[in-house]
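In: only the shape, not the letters, is given here:
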């Protein structure tokens, strides 16, 4: 465990990479370590709810006849992930009566969050959005809130489970488990729903979706069992707070103040990069499933190509991103991921001109998901390296919330944009959103290297 009294150093090529003399096999061996294997399993629990309240849910909504503009606005359910920093200090420091004493602070919050996810998924399963949209959305919000809370506790657990040199590998293992869950929450849901339908498959039937979502709720048992049998990170002593004001100062104010003390004005640059890095693929992703429905792809085709094969390509990208980050540095891998992610959206613009074409859909999905995997692993490692171990949950929640807030807000208007412009122009526009990110990565790399070499707290 790192010394909790010392902040994690700023990211740089030296911090994020391993010795150039280390072989590729040595770099890959990190994935066999116990901490990496735990992150693989816990990543599954983190990845399962996301599609069920966003991507897969949008497929269900479109099939139920909900218009694209409404689907776009309903993607704001995902803003729960963008505001998780609000309650992150509670997850970071507040014990849960009885549960925390038995399991520890991190595992107790993980278990509570998983209970909320299971309850929300069951609620979504028993409601038909075509008949009663509001209750379905309400349970989706509960699921998203539980999922965001799980992310807070899990990110802290991951950061506290390894030193800075291992964060890229832990992020890659986490992403692998995450993407495996997305295969199940994407392809698995569609496959189950298609086979559980009672009516003609050409017509909408909510019974198949009901069975599928109940199966997803049961699948959260993987996360619950992993939490119960995982080891709690070595507890760190919390400074006793006298009175409510002192507690608020230590739990809410100090984590954010610490971040700005360490990075000074560079903190604004870091936050700008984090706020925009994923904007291209997040805004585009909300309309992906409605696009598949409108292009005439069946559940089985979408399941096989985008939810199984595509996610496998993301797994390859995630593993490659982790290794590239350790060998060549996080910042270089961030730049590569940003270029590939923006460029791959142009392929969707071209795909929109072809109509129903499974072969080219497979090619486009391959390139897009490989790019996303590389970008995600490097980005998680980058944000992890910015945190102080003493405030890991709160600070990482702030950073990961910043990552989602602007993109998900913009994504709410994606349905309106498609209705006005068509899919081809919409996908081209999302690619252009990624261009300014390249300049921010270049500037952040130069400024933070100078920050570290100068040995200053503020620049």
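Out: Looks like it arrived, so ask away. The shown structure was predicted, so the numbers you read here are calculated from the model rather than taken from an experiment.
In: for burial, what's the neighbour tally of residue 170?
Out: Using other CB atoms under 10 Å, residue 170 has 27 neighbouring residues. For glycine as for every other residue, the C-beta is placed from the backbone atoms N, C-alpha and C.
In: residue 158 touches residue 387, doesn't it?
Out: No - with contacts counted by CB atoms under 8 Å, residue 158 stays clear of residue 387, the gap being 10.6 Å.
In: ok, residue 301 touching residue 358?
Out: Yes - assessed by CB under 8 Å, residue 301 is found in contact with residue 358 at 5.9 Å.
In: compare the two (neighbour count), which wins?
Out: When residue 301 is set against residue 358 and neighbours are counted by other CB under 10 Å, the residue ahead is residue 301, at 17 against 12.
In: what lies in contact with stretch 220-234?
Out: By CB atoms under 8 Å, 6 or more residues apart in numbering, the residues outside stretch 220-234 that reach it are 1, 38, 41-42, 44-46, 48, 103-107, 110-111, 114, 117-118, 121, 150, 157, 160-161.
In: could you check that stretch and say which residues are buried?
Out: Within stretch 220-234, the residues scored as buried using 16 or more other CB atoms under 10 Å are 220, 222-224, 226-227, 230, 233.
In: from the chain's centre, how far out does stretch 314-329 sit?
Out: Using CA atoms, centre = their mean, to the nearest Å, the mean C-alpha position of stretch 314-329 is found 16 Å from that of the whole chain.
In: state the mean pLDDT of it.
Out: Averaged across stretch 314-329, the pLDDT comes to 83.
In: do the same with stretch 68-86
Out: 86.
In: what's in contact with it?
Out: 53-54, 57-58, 61-62, 66, 137, 140-141, 144-145, 147-149, 151-152, 286-287, 290, 394, 397-398, 400-402, 404-405, 408-409, 411-419.
In: point out where the stretch 201-350 of the chain drops to low pLDDT.
Out: Scanning the stretch 201-350 of the chain for pLDDT under 70 picks out 201-202, 234-248, 250-252.
In: now the helices for it?
Out: For the stretch 201-350 of the chain, applying DSSP state H, counting those that start in this stretch gives helices covering 206-219, 221-229, 243-248, 254-263, 266-276, 279-285, 288-294, 299-302, 310-328, 330-351.
In: now do the stretch 351-459 of the chain
Out: Listed in chain order, the helices found in the stretch 351-459 of the chain under DSSP H, counting those that start in this stretch are 358-385, 392-411, 414-421, 423-433, 435-454.
In: packing partners of the longest one?
Out: Contacts of helix 358-385 with other secondary structure elements, assessed using 3 or more CB pairs under 8 Å, 6 or more residues apart in numbering; DSSP states H and E, are made with helix 13-16, helix 133-159, helix 167-183, helix 279-285, helix 310-328, helix 330-351, helix 392-411.
In: apply 7 Å and report the result again.
Out: Identification of packing neighbours for helix 358-385 by 3 or more CB pairs under 7 Å, 6 or more residues apart in numbering; DSSP states H and E yields helix 13-16, helix 167-183, helix 310-328, helix 330-351, helix 392-411.
In: among those helices, which is nearest residue 434?
Out: helix 330-351 (2.9 Å; CB to CB).
In: buried ones in that closest one?
Out: Quick answer for helix 330-351 (16+ other CB under 10 Å): 330-342, 344-345, 347-349, 351.
In: stretch 428-438 too?
Out: Here stretch 428-438 shows 428-431, 433-434, 437 as buried, counting by 16+ other CB under 10 Å.
In: follow-up on the earlier one: give me the buried entries from the contacts of stretch 68-86.
Out: Neighbour counting with 16+ other CB under 10 Å marks 53-54, 57-58, 61-62, 66, 137, 140-141, 144-145, 147-149, 151-152, 286-287, 290, 394, 397-398, 400-402, 404-405, 408-409, 411-415, 417-418 as buried within the contacts of stretch 68-86.
In: what's the burial count for the nearest residue to residue 258 once chain neighbours are set aside?
Out: Excluding its sequence neighbours, the residue lying closest to residue 258 (CB to CB, 6 or more residues apart in numbering) is residue 388, at 5.5 Å. For residue 388, the neighbour count with other CB under 10 Å is 21.
In: residue 396 is in contact with residue 388, correct?
Out: No - taking CB atoms under 7 Å as the definition, residue 388 is not a contact partner of residue 396, at 10.0 Å.
In: gap between residue 288 and residue 36?
Out: 30 Å (CB to CB, to the nearest Å).
In: neighbour count for the two, which is higher?
Out: Between residue 288 and residue 36, residue 36 has the larger neighbour count (other CB under 10 Å), namely 23 against 19.
In: gap between the more buried one and residue 221?
Out: 22 Å.
In: and what of residue 43?
Out: For residue 43, the distance to residue 221 - CB to CB - is 16 Å.
In: repeat that for residue 334.
Out: Remark: distance between residue 334 and residue 221 (CB to CB) = 35 Å.
In: again, but for residue 345
Out: As for residue 345, its distance to residue 221 is 36 Å (criterion: CB to CB).
In: try residue 328
Out: Counting by CB to CB - residue 328 and residue 221 are separated by 39 Å.
In: same check on residue 171?
Out: Taking CB to CB, one finds residue 171 at 25 Å from residue 221.
In: residue 227 now?
Out: Taking CB to CB, one finds residue 227 at 11 Å from residue 221.
In: cool, residue 309 as well?
Out: Look at residue 309 and residue 221: by CB to CB, they are 26 Å apart.
In: for residue 284, same thing?
Out: Taken as CB to CB, the span from residue 284 to residue 221 is 33 Å.
In: what does residue 404 give?
Out: 27 Å.
In: quick one: residues contacting residue 356.
Out: 295-297 (CB atoms under 7 Å, 6 or more residues apart in numbering).
In: okay if I get these as JSON lines plus distance to residue 271 and neighbour count?
Out: As requested, the contacts of residue 356 are exported to JSON lines (distance: CB to CB, whole Å; neighbours: other CB atoms under 10 Å):
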{"residue": "295", "distance to residue 271": "37", "neighbour count": "17"}
{"residue": "296", "distance to residue 271": "42", "neighbour count": "9"}
{"residue": "297", "distance to residue 271": "38", "neighbour count": "20"}
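In: nearest to residue 442, of these?
Out: Closest to residue 442, out of all of those and judged by CB to CB, is residue 295, at 36.8 Å.
In: got the phi and psi for the residue nearest to that closest one when sequence neighbours are not counted?
Out: The shortest distance from residue 295 to any non-neighbouring residue, by CB to CB, 6+ apart, is to residue 356 (5.4 Å). For residue 356, the backbone dihedrals are phi -80, psi 110 (criterion: degrees, to the nearest 10).
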